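[1] Kindly return the folded structure for what I paste below:
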Amino acid sequence: MASETSKSIYDFTVKDIKGNDVNLSQYHGKVLLIVNVASECGLTQTNYKELSALYEKYKSQDFEILAFPCNQFGSQEPGTNEEIEQTVCTRFKAEFPVFDKCTVVSISAVEVNGKNAAPIYQFLKNQKGGIFGDGIKWNFTKFLVNKEGKVVDRFAPTTSPLKIEKDLLKLLQSS
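    As a prediction, the model looks like this:
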């Protein structure tokens, strides 16, 4: 679906790590943290640990983390979906949804920048540009989405997921 005509995150359908279609409208009414992840990045250990802690603490309060594996930065997510799932679930004990690295037959992995950027990332960047423009600079850029599917904030890869907690709480407590 074209990001130009999309009004919320719920207008998108993506593939999960097993290749099944997931209409993001199933997350309507939940606060989302959307993150481009990588298994072999210097930021991986801390981000996955803190993302898992946030998820465990708030998953029962209408909060979801949506992780999108991306190999666009330094080839730091080189594995197959099966290898990524094994790493995320076993090594990092993540329980939040992880999506498909491959989104389109002609694209070898989810791209967040450039002409082959996944539509969901075109939408996210259009909603909340970064300090130095819309481009995503590295793995673990985080987008906070409210219960209506609108992007309300964007956080740099180096921002600790735990530093986002106060913003997350405000959204969870809103009606």
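[2] which strands and helices sit next to the longest helix belonging to the chain?
    Determined from DSSP state H, the single longest helix within the chain is helix 44-58. For helix 44-58, the contact count by 3 or more C-beta pairs under 8 Å, 6 or more residues apart in numbering; DSSP states H and E identifies strand 31-37, strand 63-69, helix 165-173 as packing neighbours. Every residue, glycine included, has its C-beta placed from N, CA and C.
[3] Pass me the low-pLDDT residue ranges in this protein, would you?
    1-6, 102-113, 116, 129-133, 175 (pLDDT under 70).
[4] try 80 this time
    For the chain, the stretches with pLDDT under 80 are 1-6, 74, 76-79, 81, 87-93, 101-122, 126, 128-136, 175.
[5] Dihedrals phi and psi, Phe155?
    phi -130, psi 140 (degrees, to the nearest 10).
[6] Can you report how many residues neighbour it?
    Neighbour count of Phe155, defined by other C-beta atoms under 10 Å: 20.
[7] do the same with Lys101
    So Lys101, with other C-beta under 10 Å, has 24 neighbours.
[8] buried sites along stretch 156-175?
    By neighbour count with 16 or more other C-beta atoms under 10 Å, stretch 156-175 contains the buried residues Pro157, Pro161, Ile164, Leu168, Leu171.
[9] could those residues go into TSV alongside distance to Thr90?
    As requested, these are exported to TSV (distance: C-beta to C-beta, whole Å):
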residue	distance to Thr90
Pro157	23
Pro161	20
Ile164	25
Leu168	26
Leu171	31
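[10] and which of those residues is nearest to Val98?
    Pro161 (15.4 Å; C-beta to C-beta).
[11] That closest one: what's its closest spatial neighbour, skipping adjacent residues?
    Nearest residue to Pro161, sequence neighbours excluded (C-beta to C-beta, 6 or more residues apart in numbering): Glu50, at 3.8 Å.
[12] and what of Leu162?
    Glu50 (4.9 Å).
[13] next one: Lys163
    That would be Phe155: by C-beta to C-beta, 6+ apart, it lies 7.8 Å from Lys163.
[14] mind listing what that neighbour touches?
    Thr141, Lys142, Phe143, Leu144, Lys163, Ile164 (C-beta atoms under 8 Å, 6 or more residues apart in numbering).
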